[in-house]
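S.K.: structural data only, the sequence is not supplied:
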């Protein structure tokens, strides 16, 4: 597996291979993606070069290179682009963001299908690059960058080939902020595309498009090609991912599987081979690890004093192969941080931890798991926060109450 980066929100090295794409023929004022040019992936996209948008404004950038940025982002806003994916592959999606006051969230959708969720940390008014891994199939797509939780600005987005491979800062190709308009025009000319499940890239490769280096057969790799459509968030419990997507309410984990009983090993254990397994789907306390490095248990109720490179390990039993929502209850009083979930040494999920201002907050992301028994390592490439409990719930975007 690719070594975890030491941070998920700082500027990465400038030697990573991504070439900025040219600006498409459409301008920020365009309100119809049907006639817009496509961006090539991998590559960069300046945020203000959307072909459709809802609720967004433009401002002069304070980031490296100047130009314009997308700002005034509210919950429920979005921006859209036409993209052309040259090859089916694992990609690193990155966004250059500035969140002066609030933490936020990006939901990336391809042709109306949710492909990735990315948490935006509180950056204290500094520009940072955040990223996450996603599998994409080759083809042409309408890319929607939706903002279920706003309150931040975006300079550019980018796709780089490979996992955990955030692109360097590009040579700026921004256009200046239009002097005749402060806010980009609303979109009403083109309706949202009709969902066609057979045309969408899946979160993980299908059997016809395997990744370049398949993981061991015991590790979750390939979801079934005939699964039911992915559910979306309920507006009563979660921000709406997109105005064009139905929003059935998420469900709680059944009482029979959550919370699970603590394993027989104690927090002081250092041998997971003899530890009891935690049932998945289910809820488990963070301090019920069977092995750890650098972790402290505070008052027997949470793990704290997490530093970069620390980790906690658990033995889990996944009852059925399927799409799951991983959730964690976290508190980050000062810093933003990052989770990396590994099953038997293979990285399966990255999750950003926002600055919560000393409040406990639940964060979540989707992950495919195959049935079986695994050594789960919850690694912390970027620490500085606390964890109370964690959970896996069946289904996508189906976070549970923990």
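M.R.: Ah, there it is. Remember, predicted model here, so these are calculated numbers, not experimental data.

S.K.: thought residue 344 was touching residue 372?
M.R.: No: using Cβ atoms under 8 Å, residue 344 is not in contact with residue 372, being 9.2 Å away. In this view, the C-beta of every residue, glycine as well, is placed from N, C-alpha and C.

S.K.: what pairs with the strand or helix carrying residue 90, and is each one parallel or antiparallel?
M.R.: Element membership of residue 90, judged by DSSP states H and E, is strand 89-98. According to DSSP bridges, strand 89-98 forms sheet pairs with strand 128-136 (antiparallel), strand 153-161 (antiparallel).

S.K.: name the helices or strands packed onto the helix or strand of the chain with the lowest mean pLDDT?
M.R.: Least confident helix or strand of the chain, by mean pLDDT, DSSP states H and E, is strand 346-353 with a mean of 82. With contacts defined as 3 or more Cβ pairs under 8 Å, 6 or more residues apart in numbering; DSSP states H and E, strand 346-353 has these neighbours: strand 113-120, strand 128-136, strand 322-331, strand 337-343, strand 360-369.

S.K.: residue ranges in the stretch 201-350 of the chain under the pLDDT threshold?
M.R.: 201-270, 300 (pLDDT under 70).

S.K.: show me what contacts residue 163?
M.R.: 2, 90, 92, 133, 347 (Cβ atoms under 8 Å, 6 or more residues apart in numbering).

S.K.: filter those down to the buried ones.
M.R.: Among the contacts of residue 163, the ones that count as buried by 16 or more other Cβ atoms under 10 Å are 90, 92, 133, 347.

S.K.: now the third one: how far from residue 338?
M.R.: Using Cβ to Cβ, to the nearest Å, one obtains 12 Å as the distance from residue 133 to residue 338.

S.K.: just the second one next, same as before
M.R.: As defined by Cβ to Cβ, residue 92 lies at a distance of 14 Å from residue 338.

S.K.: kindly reformat the helices and strands packed on strand 346-353 as JSON lines containing distance to residue 68.
M.R.: JSON lines is the format used below for those (distance: least, Cβ to Cβ, whole Å):
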{"stretch": "strand 113-120", "distance to residue 68": "19"}
{"stretch": "strand 128-136", "distance to residue 68": "18"}
{"stretch": "strand 322-331", "distance to residue 68": "34"}
{"stretch": "strand 337-343", "distance to residue 68": "29"}
{"stretch": "strand 360-369", "distance to residue 68": "30"}
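
S.K.: out of those strands, flag the one nearest residue 84.
M.R.: Nearest to residue 84 among the helices and strands packed on strand 346-353 is strand 128-136 (11.2 Å), distances taken as Cβ to Cβ.

S.K.: just the angle between the closest one and strand 346-353, please?
M.R.: 140 degrees (axes from the mean of the first three to the mean of the last three Cα atoms, to 10 degrees).

S.K.: so which residues of the stretch 51-200 of the chain form strands?
M.R.: Here the stretch 51-200 of the chain has its strands, by DSSP state E, counting those that start in this stretch, at 52-54, 57-60, 68-71, 77-85, 89-98, 104-110, 113-120, 128-136, 139-149, 153-161.

S.K.: which elements pack onto the first one?
M.R.: In terms of contacts (3+ Cβ pairs under 8 Å, 6+ apart), strand 52-54 is packed against strand 77-85.

S.K.: just checking: what are the partner strands of the strand it packs on?
M.R.: Here, using DSSP bridges, strand 77-85 pairs with strand 38-41 (parallel), strand 52-54 (antiparallel), strand 139-149 (antiparallel).

S.K.: for it, buried residues please.
M.R.: 77-83, 85.

S.K.: got JSON lines for these, with distance to residue 301 and pLDDT too?
M.R.: Output for the buried residues of strand 77-85, formatted as JSON lines (distance: Cβ to Cβ, whole Å; pLDDT from 0 to 100):
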{"residue": "77", "distance to residue 301": "38", "pLDDT": "94"}
{"residue": "78", "distance to residue 301": "39", "pLDDT": "96"}
{"residue": "79", "distance to residue 301": "42", "pLDDT": "97"}
{"residue": "80", "distance to residue 301": "44", "pLDDT": "97"}
{"residue": "81", "distance to residue 301": "45", "pLDDT": "97"}
{"residue": "82", "distance to residue 301": "50", "pLDDT": "97"}
{"residue": "83", "distance to residue 301": "46", "pLDDT": "97"}
{"residue": "85", "distance to residue 301": "46", "pLDDT": "94"}
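
S.K.: now, which of the residues you listed sits nearest residue 271?
M.R.: Using Cβ to Cβ, residue 85 comes nearest to residue 271 of these, at 44.7 Å.

S.K.: returning to that earlier point: nearest to residue 306, of the helices and strands packed on strand 346-353?
M.R.: strand 337-343 (7.3 Å).

S.K.: okay, the angle between that closest one and strand 322-331?
M.R.: Orientation of strand 337-343 against strand 322-331 (the same axes, to 10 degrees) gives an angle of 140 degrees.

S.K.: list the buried ones in stretch 312-332?
M.R.: 312-316, 318, 321-332.

S.K.: wait, residue 81 sits on residue 46?
M.R.: No: between residue 81 and residue 46 there is no contact under Cβ under 8 Å: 10.0 Å.

S.K.: before we move on, the earlier item: which among the strands of the stretch 51-200 of the chain is found nearest to residue 35?
M.R.: Closest to residue 35 of the strands of the stretch 51-200 of the chain is strand 77-85 (Cβ to Cβ; 9.5 Å).

S.K.: outside of the closest one itself, which residues are in contact with it?
M.R.: 24, 33, 36-41, 45, 47, 49-56, 70, 136-147, 150, 187, 201, 242.
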